[in-house]
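A.B. asks: coords please:
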Amino acid sequence: MTRVDDMLRPLSLLQIALGLIMVPTALAYFLPDLLPWVRTAQWEGEMTVRLMSQLDASGLLAVAKFIQLVGGLALLLNRAVPFALAAMVSVNVCGAFVAVLIEGAPALGVMALGVLALNAILMFAYLPAYRGVLAAGAVADGESAAPGENFDSLFCNPLAGASRKACAIAALPLLAALWFFWKVVPFTNSTTGLVVLVVPALVLAVNFVRAKS
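C.D. replies: Numbers count the residues shown, from 1 in each chain. This next block holds a predicted model:
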């Protein structure tokens, strides 16, 4: 066995371990009668119960569990692993936050932090896969570095010098997102989404006003 094989074996075991945690716990949410033996988090704190109830009612908890399910399957099948880890880490960070800082149960907090640590270790192991998005001035597929041809110049930098045409085209998905949060998303999640969109809307407006053509 080569040295590379020696390094990959522990990594593969950690990957499988995280997948085996994510998949059953996610399935237990969607199919509780099918997997009654899977132990899921039992929330007892008043604030935690209210928070999780609201997340469940809003559908966000189902979205989080779906991300865990698909991400866990990707780890077990060894497909798109860096992408799966990046998608799951946001869910696991939220889970650790709730378990440690809101619920405050020691055993539950240790387990949540353990899952998050496992997720982070695997992401560091796959760090070369994230080199493109971590590089300064990186652009996504289909973008270019020209003003108005990438996300940053339209929604992050109000002095980018984007053209009015580019700003007008970029306004279409932004307006769709505003409508979605205003009309479709329920409860306070709607207000949160609208507030988050204020900054990109202002940046786009400044770029539009400053544009010369």
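A.B. asks: residue boundaries of the helices in the protein?
C.D. replies: In the chain, the segments counted as helices under DSSP state H are 3-30, 46-58, 60-77, 81-97, 106-125, 131-134, 151-155, 164-179, 187-196, 198-210.
A.B. asks: Now tabulate these in JSON lines and tack on mean neighbour count and mean pLDDT.
C.D. replies: Any C-beta I mention is one placed from the backbone N, CA and C, and that applies to glycine too. Compiled in JSON lines, the helices of the chain are given as follows (neighbours: other Cβ atoms under 10 Å; pLDDT from 0 to 100):
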{"stretch": "helix 3-30", "mean neighbour count": "15", "mean pLDDT": "80"}
{"stretch": "helix 46-58", "mean neighbour count": "14", "mean pLDDT": "87"}
{"stretch": "helix 60-77", "mean neighbour count": "18", "mean pLDDT": "94"}
{"stretch": "helix 81-97", "mean neighbour count": "19", "mean pLDDT": "95"}
{"stretch": "helix 106-125", "mean neighbour count": "16", "mean pLDDT": "94"}
{"stretch": "helix 131-134", "mean neighbour count": "10", "mean pLDDT": "80"}
{"stretch": "helix 151-155", "mean neighbour count": "20", "mean pLDDT": "90"}
{"stretch": "helix 164-179", "mean neighbour count": "14", "mean pLDDT": "94"}
{"stretch": "helix 187-196", "mean neighbour count": "13", "mean pLDDT": "84"}
{"stretch": "helix 198-210", "mean neighbour count": "16", "mean pLDDT": "94"}
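A.B. asks: Check the gap between Phe83 and Tyr126 for me.
C.D. replies: 10 Å (Cβ to Cβ, to the nearest Å).
A.B. asks: ok, now Ala171?
C.D. replies: 36 Å.
A.B. asks: surely Leu194 meets Phe180?
C.D. replies: No. The pair Leu194 / Phe180 is not scored as a contact, 9.9 Å apart, by Cβ atoms under 8 Å.
A.B. asks: Out of the helices of the chain, which is closest to Ala140?
C.D. replies: Among the helices of the chain, the nearest to Ala140 by Cβ to Cβ is helix 151-155 (6.8 Å).
A.B. asks: so what secondary structure elements neighbour the closest one?
C.D. replies: The contact analysis (3 or more Cβ pairs under 8 Å, 6 or more residues apart in numbering; DSSP states H and E) places helix 151-155 against helix 164-179, helix 198-210.
A.B. asks: could you dump those to JSON lines with distance to Gly148?
C.D. replies: Putting the helices and strands packed on helix 151-155 into JSON lines (distance: least, Cβ to Cβ, whole Å) gives the following:
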{"stretch": "helix 164-179", "distance to Gly148": "3"}
{"stretch": "helix 198-210", "distance to Gly148": "8"}
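A.B. asks: Figure out which of those is closest to Ala136.
C.D. replies: helix 198-210 (19.3 Å).
A.B. asks: tell me what that closest one is packed against?
C.D. replies: helix 151-155, helix 164-179.
A.B. asks: And these: which comes nearest Ala64?
C.D. replies: Across the helices and strands packed on helix 198-210, closest to Ala64 is helix 164-179 (Cβ to Cβ), at 20.1 Å.
A.B. asks: Now for Ala87: which residues touch it?
C.D. replies: Under the criterion of Cβ atoms under 8 Å, 6 or more residues apart in numbering, the contact list for Ala87 reads Ile67, Val70, Gly71.
A.B. asks: if you set the cut-off to 10 Å instead, what comes out?
C.D. replies: The contact partners of Ala87, taken as Cβ atoms under 10 Å, 6 or more residues apart in numbering, are Ile67, Gln68, Val70, Gly71, Ala74, Ala80.
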